[in-house]
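[1] I would like to see how this sequence folds:
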Amino acid sequence: MVEGLDHLDPPVRLPGRLPLRRGVEYTQDRAVRTGRAISEAFSERGRPYAVVVSGAEMDRGEGTARIRFTVVDPGPPVRFGPTRIHTDSPVDESVVRDRLAFHEGEDFRPSLLDRTRRQLDALPVVQSATVAASGLEEGDTVVTTEIQINAVAEPRGPEVRGSISSVRCLELMGGWRDRYFLSRPNVLTLRAGVGNLLGSQIGGNFPCGGVGEGEVARVNYFAEGDVAIPWPGRPLGTLSGGAWLRRQSQAGAYVVEGAGGRLRTERPLGDDGVVWAAYELERIRVRAAGFYYCLNFGACGPEEVARLEMAQRLAPLEVGLRWAPGLGFLRQVPGELDPEDPGALARWSEDWRLWAQARVRGAGGATGSQIPFRQGAVTLGATREVGLRGEGAVRLHAGILSPRRDPLPPQLRFFSGGMQSVRGSGDYRLGPQVYPVPEERLAELDCVPVTEGCADGKHLEIRERDVRPRGGDLLVEWNLEGRLQVTRNLQVAAFVDVGFMRTSPEPVPEPAESSHWEALAAPGFGIRVFTPAGLLRLDAALDPRGDREVLLVSGDDDLVPMGRGTWNPYTRGDPGTWREIFRRIHFGLALGQPF
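    Alright, predicted model coming up:
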């Protein structure tokens, strides 16, 4: 029981979950922390000198205790006084004052000091920021705020980075970044890079198994520039603009080349969120996507494919939200919490670190786009420490694309599978597939071009790299992972990845009808090594799927749907039990945690 909350009007609200509450074991430490939480709640109302006393009534027969906390005196009101700022070059004092979350004469609140610190830490030029109130020890009713800003050692200079992954093989990137461009908190970024290096030479083998073969395995490239500035008069918001030139491939599915530009604005949402809006305008050209257009939209002739692969203008508008509570507003719930109240989420958030992201994209004539579409995606995640060395992590990702009869370029559809999604599948290989039948295999598969297609249900002895993903318009991924810190630089993990991909039935030519969805649940094991270059991750996941359906198509320029077949890349050639098990294990190499 807490008495004295009504010393102030309106009454003071307490955190949703006090350390000492009904049903938990009484300890002196919990009692001390509960008294401190009550004092902190009064501090948030400008009364940091509140006097809190406690008493206990013990019932030894029942083994229970009734604890009463009483706020004897809320203390005098305290206000913010002057602010003294000490900064390293090149940070100007006016930049710091623009980001103060309080003003002189306002009621004192410790959370405003913390918000100010986080807003200053968010500046790219700031290495660290210290924000503290001076005078509370002496009982002052007007406190001075002391701010110390430590700038990064090199606010501007070159950046070089390399990475290796199964889907991009070897990537090299370099550029220049100025974190205090034009002597203000503007950020200028210039970057260029190449990817898929060694992809063709390694030929789709580990560690570049997701690169693909042929056109999609050629070297990718990009060059881009971006400038981000604070909104005039609203320094916590950001306005940025950029331009780029790129060639990007998706393993076995397509190649897109384009040049364009972007405008983007971003604003904080409370203490824990960010909202943004962005507009892009790009001239794109798609290559190596004939199979995709044929079996998704029925465009199989060379003239139809050539028309769809011509350069087009893509101009999407996007709005989104990122949210990662630092145990912020979710804790501020009424003191007398109803167990059925939604504020119960606050109790759960104290044990888990949560994050979420949602975005909606769309384009049409109103945005100046030749390609109309609507797309939405949401990602939810959480991690929790378990003991001294353990950590649990969970992620849920879902996306939906509004189905249309007009052919969409492949980069607007969803692809899944690989080191950042469902690790028991090859990169982008989860979902409906198509097999381009080589001309020399038509007779072997009892195929009669154009007139009859292939013998329905024929089992194919093919590899995973031989098929092509079709993409989907509905995607759901769920990941659960447990991590254990073995040594300072070594971590092991066990995980289960679940994925579901669906593509809507489209008016494709007969006999190309087939199943339009696929699901996979894949367990796995991983090793993480902490290196000076970052966390290096090696994961191995088991694919338990049996025979799968695949659409068949023949031809190079004039594509002909040939019906359906079945395939299983793990049982091809009667490998025996142990070799089949080994084939079912997907190995992947990447930098950083998957989520």
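[2] confirm residue 357 sits in a strand?
    Yes - assigned with DSSP: H, G, I helix; E, B strand; the rest coil, residue 357 falls within a strand.
[3] bridged to it, which residues?
    residue 322, residue 379 (DSSP bridges).
[4] run a quick neighbour tally on it.
    Counted with other CB atoms under 10 Å, the neighbours of residue 357 add up to 16. Every residue, glycine included, has its C-beta placed from N, CA and C.
[5] OK, contacts around it?
    320-323, 378-379 (CB atoms under 8 Å, 6 or more residues apart in numbering).
[6] CSV for these, including neighbour count, pLDDT and distance to residue 277?
    Conversion of these to CSV gives the following (neighbours: other CB atoms under 10 Å; pLDDT from 0 to 100; distance: CB to CB, whole Å):
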residue, neighbour count, pLDDT, distance to residue 277
320, 18, 96, 8
321, 15, 95, 11
322, 17, 93, 13
323, 16, 90, 16
378, 16, 96, 17
379, 17, 95, 18
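[7] going by distance to residue 526, which of the residues you listed wins?
    residue 379 (20.3 Å; CB to CB).
[8] check contacts around the closest one.
    356-358, 395-398.
[9] for the helix or strand containing residue 284, packing partners?
    Per DSSP states H and E, residue 284 falls inside strand 273-287. Under the contact definition 3 or more CB pairs under 8 Å, 6 or more residues apart in numbering; DSSP states H and E, strand 273-287 sits against strand 254-269, strand 312-314, strand 317-323.
[10] so which of the ones you listed gets nearest residue 558?
    Among the helices and strands packed on strand 273-287, the nearest to residue 558 by CB to CB is strand 254-269 (19.1 Å).
[11] can I get the closest one in PDB? Just the C-alpha atoms.
    Only the C-alpha atoms of strand 254-269 are listed here, as PDB (Å, rounded to 0.1, in the frame of the first residue of the first chain):
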ATOM      1  CA  TYR A 254      16.500 -11.200 -61.900                       C
ATOM      2  CA  VAL A 255      19.000  -8.300 -62.500                       C
ATOM      3  CA  VAL A 256      17.900  -4.700 -62.100                       C
ATOM      4  CA  GLU A 257      19.800  -1.700 -63.300                       C
ATOM      5  CA  GLY A 258      18.800   1.800 -62.400                       C
ATOM      6  CA  ALA A 259      19.600   5.400 -61.600                       C
ATOM      7  CA  GLY A 260      17.500   7.700 -59.400                       C
ATOM      8  CA  GLY A 261      17.100  10.000 -56.400                       C
ATOM      9  CA  ARG A 262      15.400  10.200 -53.000                       C
ATOM     10  CA  LEU A 263      13.900  12.700 -50.600                       C
ATOM     11  CA  ARG A 264      13.400  11.600 -47.000                       C
ATOM     12  CA  THR A 265      12.200  13.200 -43.800                       C
ATOM     13  CA  GLU A 266      12.400  11.700 -40.300                       C
ATOM     14  CA  ARG A 267      11.100  12.800 -36.900                       C
ATOM     15  CA  PRO A 268      11.200  11.400 -33.400                       C
ATOM     16  CA  LEU A 269       8.000   9.900 -32.000                       C
END
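[12] export the helices and strands packed on strand 273-287 to CSV and tack on distance to residue 137?
    Output for these, formatted as CSV (distance: least, CB to CB, whole Å):
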stretch, distance to residue 137
strand 254-269, 32
strand 312-314, 60
strand 317-323, 36
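[13] which one of those strands lies closest to residue 504?
    strand 254-269 (18.7 Å).
[14] partners of that closest one in the sheet?
    By DSSP bridges, strand 254-269 pairs with strand 234-250 (antiparallel), strand 273-287 (antiparallel).
[15] rank the ones you listed by pLDDT, which is bottom?
    Note on the strands paired with strand 254-269: lowest mean pLDDT is at strand 234-250, with a mean of 89.
[16] and that strand, how far from the chain's centre?
    Relative to its chain's centre, strand 234-250 lies at 17 Å (CA atoms, centre = their mean, to the nearest Å).
[17] residues of it that come out buried?
    For strand 234-250, a neighbour-count test (16 or more other CB atoms under 10 Å) marks 235, 237-240, 242, 244, 246-250 as buried.
[18] what of stretch 214-223?
    216-218, 220, 222.
[19] element containing residue 41, please.
    helix 28-43.
[20] just the CA atoms of the next helix or strand after that helix, as CSV, please.
    Using DSSP H and E, the helix or strand that follows helix 28-43 in sequence is strand 51-59. Provided in CSV are the C-alpha atoms of strand 51-59 (Å, rounded to 0.1, in the frame of the first residue of the first chain):
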residue,chain,number,x,y,z
VAL,A,51,10.4,12.0,2.1
VAL,A,52,9.2,8.3,1.9
VAL,A,53,8.9,6.1,5.0
SER,A,54,7.8,2.5,5.3
GLY,A,55,6.3,0.2,7.9
ALA,A,56,5.5,-3.5,8.0
GLU,A,57,2.8,-5.7,9.8
MET,A,58,3.9,-9.3,10.0
ASP,A,59,1.6,-12.3,10.2
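[21] buried residues in strand 51-59?
    Buried residues in strand 51-59, counted by 16+ other CB under 10 Å: residue 52.
[22] show me what the helix or strand following it is packed up against.
    Past strand 51-59, heading to the C-terminal end, the next element that is a helix or strand (DSSP H and E) is strand 64-73. Strand 64-73 is packed against strand 2-3, helix 28-43, strand 51-59, with contacts defined by 3+ CB pairs under 8 Å, 6+ apart.
[23] of those, which is nearest residue 100?
    helix 28-43 (18.5 Å).
[24] got the angle between the strand holding residue 284 and strand 317-323?
    Calculated by axes from the mean of the first three to the mean of the last three CA atoms, to 10 degrees, strand 273-287 forms an angle of 140 degrees with strand 317-323.
[25] the next helix or strand after strand 273-287: how far from the chain's middle?
    Using DSSP H and E, the helix or strand that follows strand 273-287 in sequence is helix 290-297. Its chain's average C-alpha position is 30 Å from that of helix 290-297, according to CA atoms, centre = their mean.
[26] helices and strands around the helix or strand following helix 290-297, which ones?
    Per DSSP H and E, the first helix or strand lying C-terminal to helix 290-297 is helix 302-308. The contact analysis (3+ CB pairs under 8 Å, 6+ apart) places helix 302-308 against helix 290-297.
[27] does anything pack onto the helix it packs on? Which helices or strands?
    Against helix 290-297 (3+ CB pairs under 8 Å, 6+ apart) you get helix 302-308, strand 433-437, strand 548-554.
[28] again, only using 6 Å
    helix 302-308, strand 433-437 (3 or more CB pairs under 6 Å, 6 or more residues apart in numbering; DSSP states H and E).
[29] neighbouring strands of the shortest one in the sheet, and parallel or not?
    I take that to be strand 433-437. Under the rule (DSSP bridges), strand 433-437 has strand 468-469 (antiparallel), strand 548-554 (parallel) as partners.
[30] what angle do the longest one and helix 290-297 make?
    Going by the same axes, to 10 degrees, strand 548-554 is angled at 110 degrees with respect to helix 290-297.
[31] what's next to strand 548-554, contact-wise?
    Strand 548-554 is contacted from outside by 291, 295, 433-437, 454, 467, 512, 514-515, 559-567, using CB atoms under 6 Å, 6 or more residues apart in numbering.
[32] rounded mean pLDDT for whichever helix or strand comes after it, please.
    Downstream of strand 548-554, the first helix or strand assigned by DSSP H and E is strand 560-567. Throughout strand 560-567, pLDDT has a mean value of 80.
[33] so after strand 560-567, what's the next helix or strand?
    On the C-terminal side of strand 560-567, the nearest following helix or strand under DSSP H and E is helix 577-584.
[34] and the helix or strand just after that following helix, average pLDDT?
    Using DSSP H and E, the helix or strand that directly follows helix 577-584 along the chain is strand 585-591. Strand 585-591 carries an average pLDDT of 85.
[35] which of the contacts of strand 548-554 are buried, as a ChimeraX select command?
    Selection command for ChimeraX covering only the buried members of the contacts of strand 548-554, criterion 16+ other CB under 10 Å:
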select :291,295,433,434,435,436,437,454,467,512,514,559,560,561,562,563,564,565,567
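[36] bridged to the closest residue to residue 495 other than its chain neighbours, which residues?
    Counting by CB to CB, 6 or more residues apart in numbering, residue 495 lies nearest to residue 481, which is 3.9 Å off, once chain neighbours are set aside. Beta-bridge pairing of residue 481 under DSSP bridges involves residue 393, residue 495.
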